[in-house]
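Visitor: predicted model and sequence below, questions to follow.
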Amino acid sequence: MLFLVGPLLLSCGERVPGTVAKIHRERMAYIATVPFEPPLIYQKEGEMVGPDAELGRRIVARLTETRDPEGGSEVRLTWINRTYPNLLPAMRHGEVDMVIGVFEVTEERLREIDFSDPYYVSELVLAINPVHRDLRPGDFAGIRLGVREGTGVEEFVRKTYPSSVVVPYKTLDDAVLSLRRSEIDAVIDDRYMAAYSLATTPGASHMEIVPTVLGTLDVAVGVKKGDRPLLEIINPVIAEMREEGEFARLLEEHQGKEYYREVASRLETRLAEEEMKKRERQVSISVSRAANYQFDIYRMANLRFIFRNQTTGSTIQTSLINFEGRIGRANARVPPGTYTLSLPQFNFSHPVDILPQDSDQVSINIVLSDAGVVVRKG
């Protein structure tokens, strides 16, 4: 009888050892996560949403499907909120069954736990505050770099940039706020998470992402060391979601790609505007007189107008005034700025603004009359 009872018990409830058996028995799956990492996983109206949250729900649904047909009610999902430094201790102490939520595969973590197949590749980029420091990827010696503490990102930055000063923060938003206050020089994090934070944090609308990828980290589901049966349930779910394009679709649905496109364009737009401010405009000047004004306008022939920058005092001379009929013409290449346009020989001067938003071709029309000189910029 004892010989027969043992196999019977195994067939009813203990066919799958470890975590899977516990989940089937208790009808409860405990998943540890960091609750605010949009757009990948975050709380909205009391519910976990985002690609990582959907992965968790599908894994739990598969755990329900794989229980004994007579096993009773479905498995329920309970999210356990933790900070990154506390995720591994939660696993170690048996508080949770797995970890999901921008949980990168690192050498340090692999010594303690196992991982599923990767389901997301986190591309790390530099977030900057150009008002404080217009950084580019390169030598970060002495640069203060903000990171989320206890993450694979922190481990990557410390190993890759040993001469920089790494400043850990509990959340990405905390790091972004510190960057806004110029307390650090840059933030390194996942491109979509960084974009989401820069798009939604108050006062961060001027901050930018440098799109160069500094490195990549695989993101996967963490399980207890040697928990092969649980991985055999998780990995097929990941493969199905990848085949369906579900991760990419959910990233789009939760505005990850939209925010990235908007924030990534800021740097390009700023550089284009700065180039626009510096680019010289072709300024064409025409000078004529009113029909009833008694003045020998041809005395201006072969003279030059002068643009004097009111800020720097630098001057630009036009070409010689050349007459075509009754209209004298001259031209010059002039960068944007506030100028005084003058013709010293005739004691003529007038303020003229060449604006960054002006087109490449700017015309200035000067008409002499009894009422004075009329200058129009067209």
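Guide: Sure, I can see it.
Visitor: now the strands for the stretch 101-250 of the chain?
Guide: Counting by DSSP state E, counting those that start in this stretch, the stretch 101-250 of the chain has strands at residues 113-115, 120-128, 144-148, 165-169, 186-190, 208-219, 222-224.
Visitor: will you turn those strands into a markdown table that also has mean neighbour count and mean pLDDT?
Guide: Heads up, the C-betas are built off the backbone N, CA and C, glycines and all. Listed next are the strands of the stretch 101-250 of the chain as a markdown table, based on neighbours: other C-beta atoms under 10 Å; pLDDT from 0 to 100:
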| stretch | mean neighbour count | mean pLDDT |
| --- | --- | --- |
| strand 113-115 | 20 | 97 |
| strand 120-128 | 22 | 98 |
| strand 144-148 | 24 | 98 |
| strand 165-169 | 18 | 98 |
| strand 186-190 | 27 | 98 |
| strand 208-219 | 17 | 97 |
| strand 222-224 | 22 | 97 |
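Visitor: nearest to Glu252, out of those strands?
Guide: Closest to Glu252 of the strands of the stretch 101-250 of the chain, according to C-beta to C-beta: strand 120-128, at 13.8 Å.
Visitor: what helices or strands is the closest one leaning on?
Guide: Packing partners of strand 120-128 (3 or more C-beta pairs under 8 Å, 6 or more residues apart in numbering; DSSP states H and E): helix 152-160, helix 172-180, strand 186-190, helix 191-200, strand 208-219.
Visitor: domain boundaries for this protein, per the record?
Guide: Per automatic domain parsing, the structural domains of the chain span 13-117+220-244, 121-218, 279-377.
Visitor: so what's the residue count around Glu268?
Guide: Using other C-beta atoms under 10 Å, Glu268 is surrounded by 11 other residues.
Visitor: a strand runs through Val352, doesn't it?
Guide: Yes - with DSSP: H, G, I helix; E, B strand; the rest coil as the criterion, Val352 is located in a strand.
Visitor: separation between it and Val287?
Guide: 14 Å (C-beta to C-beta, to the nearest Å).
Visitor: of these two, who's got more company?
Guide: Neighbour count, other C-beta under 10 Å: between Val352 and Val287, Val287 has more, with 24 against 21.
Visitor: where does the protein have its least confident helix or strand?
Guide: None of the helices or strands of the chain scores lower by mean pLDDT, DSSP states H and E than helix 2-13, at a mean of 35.
Visitor: between the domains of the chain, which one is nearest to Ala264?
Guide: When the domains of the chain are compared by C-beta to C-beta, domain 121-218 sits nearest Ala264, at 5.4 Å.
Visitor: helices or strands next to the longest helix seen in the chain in the packing?
Guide: Secondary structure of the chain per DSSP state H: the longest helix is helix 256-278. On a contact count with 3+ C-beta pairs under 8 Å, 6+ apart, helix 256-278 meets helix 191-200, strand 208-219.
Visitor: ok, Leu177 touching Leu198?
Guide: No - in this structure Leu177 lies outside contact range of Leu198 using C-beta atoms under 8 Å: 11.0 Å.
Visitor: so the two - more neighbours on which side?
Guide: The neighbour comparison of Leu177 against Leu198 (other C-beta under 10 Å) goes to Leu198, with 29 against 18.
Visitor: re the thing from before, using JSON lines, lay out the helices and strands packed on helix 256-278 together with distance to Arg308.
Guide: Formatted as JSON lines, the helices and strands packed on helix 256-278 follow (distance: least, C-beta to C-beta, whole Å):
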{"stretch": "helix 191-200", "distance to Arg308": "41"}
{"stretch": "strand 208-219", "distance to Arg308": "35"}
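Visitor: many thanks, I have nothing further to ask.
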